[in-house]
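> starting from these lines, generate the structure:
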Amino acid sequence: MAGAIVSVSTGALSTLLPKLSLLIQGEYKLLKGVKGGISFLRDELTSMHTLLVKLANNEEKLDEQVKDWRNKVRELSYDIEDCIDLFLHKVSSSNAKASLVRKTAAKIRKLWSRHKIANLIEELKARVIEESDRRSRYNFDEVADKFSHVQIDPRLPALYVEAEKLVGIDGPREKIIRWLEKDESLKLKIVCIVGFGGLGKTTLANQVYHKIKGQFDCFSFVPVSRNPNILKILADMLKELGSNVDTSDDQRQLISKLRTFLEHQRYLVIIDDIWSTQAWEVIKCALPENNLCSRIISTTRNSDVATSCCSSLAGYIHNIQPLNEHDSQKLFFKRIFGDKSACPPYLEQVSHGIISKCHGLPLALISIASLLAGKSRMKEQWEQVYNSIGFAFSHQGIRDILLLSYYDLPIHLKTCLLYLSVFPEDYNIGREELIWRWIAEGFISEVKGQTLDQVAENYLNDLVNRSMIQPVDIKYDGRADACKLHDMVLDLIISLSTQENFTTIVEGQQYKCSSNKIRRISIHSKCLEDEVMQEIMTNCLQVRSISFYGLQYLETSLLPTLNSLRVLAFENWHHLGSKRIKHLGRFFQLTYLRINSHGIYELPEQIGGLQNLLTLDIRGSGVEKLPSTIGCLKNLVRLLVDYNVELPNEIGDLQALQQLSGAGNYNSIVFVEQLKRLANLREIDILLHGSAQLGARDMARYMEALKSSLAVMGKQGLQSLEIRNDDTVIGEKLMDLLCYSPCLRKLVIDGDRISRLSKQMALLVNLRHLDIGVSNIKQDDLCVLGSIPTLLFVRLFVENGPDERLAIISHQFRCLKQFIFISLGGGLDMLFMQEAMPELRWLSLKFRAHESDCKMGFEFSFKHLASLEHLKVIIDCGDATRSRVEAAEASVRNAASAHPGCPRIEINRYLEDFMRDDKVDKEILKDIDGHEVALHAWGNNLYGAVELTYSRDRIVECYFWSYTIYYEQKYAQARIILAKIFVLATLLDDTYDMHAILEEGQKLNEAIQRWDESAISVLPEYLKNYYAKLMSTFKEIEDELKSEEKYYITYAVKAYQRLCKSYLQEAVWFHQNYIPSFQEHLDVSIISSGSSMLSVVSFVSAGDLATKEALEWAFGCTDAVKACGEIGRFQDDLAAFKHGKGKLDMATSVESYMKEHNVTGEEATAVISNLVEDAWKTINQARFERSSLVPAVNRVANLAMSIMFFYQGSEDAYTFNKLSMNIIKQLFVKPIPII
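Prediction:
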């Protein structure tokens, strides 16, 4: 293979030389004598390039004089290429449609450019002659650079498991766990693991963390690093624990949020790699002593830091020890030979010598072993390695070992490794992001028969195999989703990159640069003063790459015109300056643009002039619409956006496009038709629209356009298709279109489930990855999938659950590595027959345990899965009894215990807070009169009939709410009526929140507004039983009322219809990703809180309370009723904002207020808390306004008090069954102590 195109060793010579040839041979009108000068440059630089390659392969032997010459030639190559690129850009930029005046001006500019390059060529020629004269004294033998196709070493994942589980980790792990669990004290305790870098502190902490975290309510693992960004650390901790994060929060606010969130929870927090006591003192402030047996584990290299961590808390310092001789040998030989017994006898002595120099340091052992694994088994070579390294148990010793591995790298891998210095410490570097940036920088060589992406992935895998970088999340196909660097490796490559002027890193306000010309810069500072930024930019006029990480503010006008810029990346940048990137259109060499900044929400029209742009990635930005000039990007290969971004209809002009991700928002029919023009498209991720958005006529045209485009794209070689849709009709038709895409390797269909899998699936003979949701699954469907010979990964999401035992039969799914089966139905019987799924390593099952859903029991057989390594089972506990859940767990454990290979078993409970106590319902209702017992029977009948499995049984909770409004015996019938209608409303709420797509929600609202049994025909099948029960329940209530009371039901129906409308409006806002204004939010959400509906219904059959005046007052949503609705909405939203709303929830009133008034979350919650106080004042005032309504106002006040009770302390006992049941038990079950 040829050397890398742009490299740390040869600079830009490889890309420059072809451009010089182009100038000589092309039809460029150069001034007399210029071609001769360019020919001289080409010949001299070609010779220098050959020498630089030789020097690169003997880098560790170079003296300072040779390095100085090499560095000057390398910098010279960048300067010459910049000059040539600018000239080529100026002479090639012309517009055939321009006016005569503009054409004349362009000719003058080109003539000026020719004169300018003539002068520059003479200057550069003089510099080349000077360096050429200096090189005559140097002579080096040529060493060939060899390269071959690389895959990740298949032993490597096993190595990481071995290092963590078997090599010296068990004893220390169990010792720490015993100390954390000993004694009965409820006080907060801490363990600090202290030791030298590379000893495995993080590995040990991680092992303890994963083994015990299931015992805690919440847990978090956060790295700190040498130069900690405290705000990021606190925010990451908050997010991992499961709370909401406001990007504008300062340090004090984040600490306050953490303390509030953790106050009543048993928590486990790992704080990895603390370098200073100052960092610990700040982080400690966020971790309260809550007397709930909470635990902290920290790691550090500094014994003073360890002492500081443990001094103020009940602490234990664990000094991590190097591996003993036995474990050292085990780790070393495992990496090279797979087993110690495989080591040839003639290498044993030198191996033991190398191992002894590593002094039990895992990092040193793995690094040296990885180096030797790639070499021959010649004893002389191993002895050379032995003689080259010092003892590892020192910083210099480790550096020497790592340098030895670095010098052993070929040029292209040295370049790619040093480039990783641009990423911050502890940063998970995405595989695709890294590959695209390497390509944009010009580091990847062209190899016949491979794409640049494939070549770059080979480079990445080779670096993993050599243990220079660590893989993160290795998938079923052996590919790592991301990678990261050990901090000692990062230190080394930053040092080397700075010396070579390869990259410049800015930390704080400081940076080091070995030249006055910065070539690549990465800014890791949160705040950068304008003067410092201007100074940096002065040295960046020839910069090729700029990366911003976590910068809070930058005025983009500070970015000058950068003619050499290839890569521009804004990561986690909370920009508060301009809304767009100024001068973007002038960066004509730009190849890679990444914007992950909500502060940038507009791309200029001039972006269409970036003809070298290959990757445009604006995921995470504030951009909502791309300019039409995007269609001018003729070389764009990758376009990645969020689903809310509107793409132009000119998408078909992007003839080079290979990957389109996030095509959502509104895709017009024209847009869908244009997709078939993308002849090179290989991957597409698109959000499709349903008939609710388009209407019947346009829907037909839309589907025809989609069918046509998919057919063309399939024939042109489409390999990855990811479709998100909210329309069952589209999903069904998509299945029939699969036959058009025989080259598909990945298929994802997400959104509304299709009824069943299509037999057309069997035609996808190249499919490797399948992720799909269906309403029902049959044995035949599994047989169809099992016949696809290439499948490696399958995820099946089944809505209704199987009604028969499912068997994976012999010789099916021959290559499958990972199988995920998720069933929303109850129970699961699954049998894996002999020789089925012979390669399966990861099996994950999820199912519901709720009794009323269960068509099947819990029966499993895993013993024939010969390759199974990891079994994960998630049991949905929602509304299931404890005994039912425990029976499911026992069935899984019994089946797993029969497996001969002892796979790792992980059983988790999902929605455990929603699990019911077997006896609590009977205990609550056993001593109450017949009305309440009848209510319980009605509830059982209701939930059994409607079969809405996504909603839990709330009959007892709803009764409790009605009881708090009026507890007197004379209102027993009114309580039952209120509880029934409340239960029906919770089902309606859950349908809009958790299940129904927008079109189904619109149809449900239509039926409820009609309020007629015939309206059932407009509903989807799964809602018909609910609607029938709704109609019959209101009719039964009406029949129970006396003739003079029957008008009550009219008010109840109208209140219920109004509630449904509010739910639909919120669903529309959610679907449109719309955050309403605060007042818009209130106008709808005080109704959707349910308080006004409950206020009205509470007067139905309430005897002396139920006057026409009271009903009119309640239905009119007067001040007191409105205030009750505000209390309900605000208390709910405060709890949701505290705990973090789910991804399927619309914006809370807190977020609406934050957006409208541009304030922090803390400020918004303070305002809303004051509004709750004001609402109470309104309710109390109503008691004095009209004496005839005082009894009615008191009932509304009782409802408001119940709301406060259920949401006390910003908790949410309405949503979380565990909290509500505790409250109910206090009232109905547990005896009141008599003092």
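> the domain parsing of this protein - what is it?
The record's domain parsing of the chain by automatic domain parsing lists 13-135, 179-319, 325-499, 502-665, 920-936+952-1216.
> would you map the helices across the stretch 501-650 of the chain?
For the stretch 501-650 of the chain, the helices defined by DSSP state H, counting those that start in this stretch cover 530-538.
> pLDDT weak spots in it?
The model of the stretch 501-650 of the chain has pLDDT under 70 over residues 508-515, 526-528, 551-558, 573-580.
> that older thread, in CSV, list the domains of the chain along with distance to Phe862.
No exception for glycine: its C-beta is placed from N, CA and C like everyone else's. Below are these laid out as CSV (distance: least, C-beta to C-beta, whole Å):
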stretch, distance to Phe862
domain 13-135, 52
domain 179-319, 21
domain 325-499, 18
domain 502-665, 36
domain 920-936+952-1216, 30
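> so which of the ones you listed comes closest to Leu678?
Among the domains of the chain, domain 502-665 comes nearest to Leu678, with 5.3 Å by C-beta to C-beta.
> weakest of the domains of the chain by average pLDDT?
Lowest mean pLDDT within the domains of the chain: domain 13-135, at a mean of 70.
> which stretches of the stretch 801-950 of the chain have low pLDDT?
826, 851-857, 913-914, 917-934, 936, 949.
> how about the strands of the stretch 451-600 of the chain, start to end?
For the stretch 451-600 of the chain, the strands defined by DSSP state E, counting those that start in this stretch occupy 470-474, 480-484, 504-507, 510-511, 520-523, 545-549, 567-571, 592-596.
> of all those strands, which lies closest to Glu131?
Relative to Glu131, the nearest member of the strands of the stretch 451-600 of the chain by C-beta to C-beta is strand 520-523, separated by 22.7 Å.
> one step back: make a markdown table from the strands of the stretch 451-600 of the chain and add mean neighbour count to it.
Formatted as a markdown table, the strands of the stretch 451-600 of the chain follow (neighbours: other C-beta atoms under 10 Å):
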| stretch | mean neighbour count |
| --- | --- |
| strand 470-474 | 16 |
| strand 480-484 | 19 |
| strand 504-507 | 22 |
| strand 510-511 | 14 |
| strand 520-523 | 23 |
| strand 545-549 | 23 |
| strand 567-571 | 22 |
| strand 592-596 | 22 |
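> before we move on, the earlier item: tell me which of the domains of the chain sits nearest to Arg756.
domain 920-936+952-1216 (14.5 Å).
> ok, back up a step: nearest to Val892, out of the domains of the chain?
domain 179-319 (15.4 Å).
> and the closest one, end to end?
In domain 179-319, first residue to last residue: 14 Å (C-alpha to C-alpha, to the nearest Å).
> now do that domain: distance to the chain's middle.
Domain 179-319 sits 23 Å away from the centroid of its parent chain (C-alpha atoms, centre = their mean, to the nearest Å).
> ditto for stretch 825-841
29 Å.
> repeat for stretch 593-602
Centroid separation between stretch 593-602 and its chain, computed with C-alpha atoms, centre = their mean, is 18 Å.
> with only the CA atoms kept, save it in PDB.
C-alpha atoms of stretch 593-602 as PDB (Å, rounded to 0.1, in the frame of the first residue of the first chain):
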ATOM      1  CA  LEU A 593     -18.600  20.500   8.800                       C
ATOM      2  CA  ARG A 594     -20.100  19.400  12.100                       C
ATOM      3  CA  ILE A 595     -22.400  21.700  14.100                       C
ATOM      4  CA  ASN A 596     -23.600  20.400  17.400                       C
ATOM      5  CA  SER A 597     -24.700  23.800  18.800                       C
ATOM      6  CA  HIS A 598     -28.200  25.000  19.500                       C
ATOM      7  CA  GLY A 599     -26.900  28.500  19.300                       C
ATOM      8  CA  ILE A 600     -26.400  28.200  15.500                       C
ATOM      9  CA  TYR A 601     -29.800  28.000  13.800                       C
ATOM     10  CA  GLU A 602     -29.100  29.200  10.300                       C
END
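> still on that earlier bit, of all the strands of the stretch 451-600 of the chain, which one is nearest Lys232?
Using C-beta to C-beta as the measure, strand 545-549 is the one of the strands of the stretch 451-600 of the chain that comes nearest Lys232, at 9.8 Å.
> indicate which one of the domains of the chain is closest to Leu831.
Comparing the domains of the chain by C-beta to C-beta, domain 325-499 comes nearest, at 22.6 Å.
> can you get me the start-to-end distance on the closest one?
Domain 325-499 end-to-end distance (C-alpha to C-alpha) = 37 Å.
> tell me the buried residues in stretch 348-364?
350-352, 354-355, 357-364 (16 or more other C-beta atoms under 10 Å).
> sitting in helices, which of those residues do you find?
Assignment to helices by DSSP state H places the following of these there: 350-352, 354-355, 357-358, 362-364.
> of those, closest to Gln381?
Val350 (9.7 Å).
> wait, the closest one sits on Gln384?
No. Using C-beta atoms under 8 Å, Val350 is not in contact with Gln384, being 9.8 Å away.
> quick one, longest strand in this protein?
For the chain, the longest strand by residue count, based on DSSP state E, is strand 818-832.
> after that one comes which helix or strand?
Downstream of strand 818-832, the next assigned helix or strand under DSSP states H and E is strand 842-848.
> what angle sits between that next one and strand 818-832?
Following axes from the mean of the first three to the mean of the last three C-alpha atoms, to 10 degrees, one obtains 70 degrees for the angle between strand 842-848 and strand 818-832.
> how far is strand 842-848 from where the chain is centred?
Relative to the centre of its chain, strand 842-848 is centred 21 Å away, using C-alpha atoms, centre = their mean.
> can you check stretch 813-832 too?
With C-alpha atoms, centre = their mean, you get 25 Å for stretch 813-832.
> buried residues, it. List them.
Buried residues in stretch 813-832, counting neighbours by 16+ other C-beta under 10 Å, are found at 813-814, 816-832.
> ok, stretch 862-873 next?
For stretch 862-873, by 16+ other C-beta under 10 Å, it's 862-865, 868-869, 871-873.
> from these, which is closest to Glu240?
The nearest member of those to Glu240, counting by C-beta to C-beta, is Lys872 at 19.9 Å.
> pretty sure the closest one is in a strand, no?
Yes. Assessed with DSSP: H, G, I helix; E, B strand; the rest coil, Lys872 lies in a strand.
> could you look up the SS state of Gly773?
strand.
> and it, what does it touch?
Contacts for Gly773 (C-beta atoms under 8 Å, 6 or more residues apart in numbering) come out as 749-754, 796-799.
> want to throw those into TSV with pLDDT?
Below are those laid out as TSV (pLDDT from 0 to 100):
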residue	pLDDT
Ile749	87
Asp750	80
Gly751	70
Asp752	63
Arg753	67
Ile754	78
Leu796	93
Phe797	89
Val798	89
Glu799	83
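> run through the strands of the stretch 201-350 of the chain in chain order.
Using DSSP E, counting those that start in this stretch, the strands of the stretch 201-350 of the chain run over residues 218-225, 267-274, 295-300, 314-319.
> and those strands, which is most packed in?
Of the strands of the stretch 201-350 of the chain, the one with the most neighbours on average (mean count of other C-beta atoms under 10 Å) is strand 295-300, at a mean of 26.
> and it with strand 218-225, angle?
Here strand 295-300 runs at an angle of 10 degrees relative to strand 218-225 (the same axes, to 10 degrees).
> what's the neighbour count on Cys1060?
Look at Cys1060: counted by other C-beta atoms under 10 Å, it has 24 neighbours.
> that one - nearest residue in space that isn't next to it in sequence?
Ile1008 (4.6 Å; C-beta to C-beta, 6 or more residues apart in numbering).
> show me what contacts the one you found?
Ile1008 is in contact with 1015, 1027, 1030, 1056-1057, 1060, counting by C-beta under 8 Å, 6+ apart.
> again, only this time at 10 Å
Shown in contact with Ile1008 (C-beta atoms under 10 Å, 6 or more residues apart in numbering): 988, 1015, 1019, 1027, 1030-1031, 1053, 1056-1057, 1059-1061, 1063-1064.
> how close does it sit to Ala1015?
Distance of Ile1008 to Ala1015, given as C-beta to C-beta, to the nearest Å: 8 Å.
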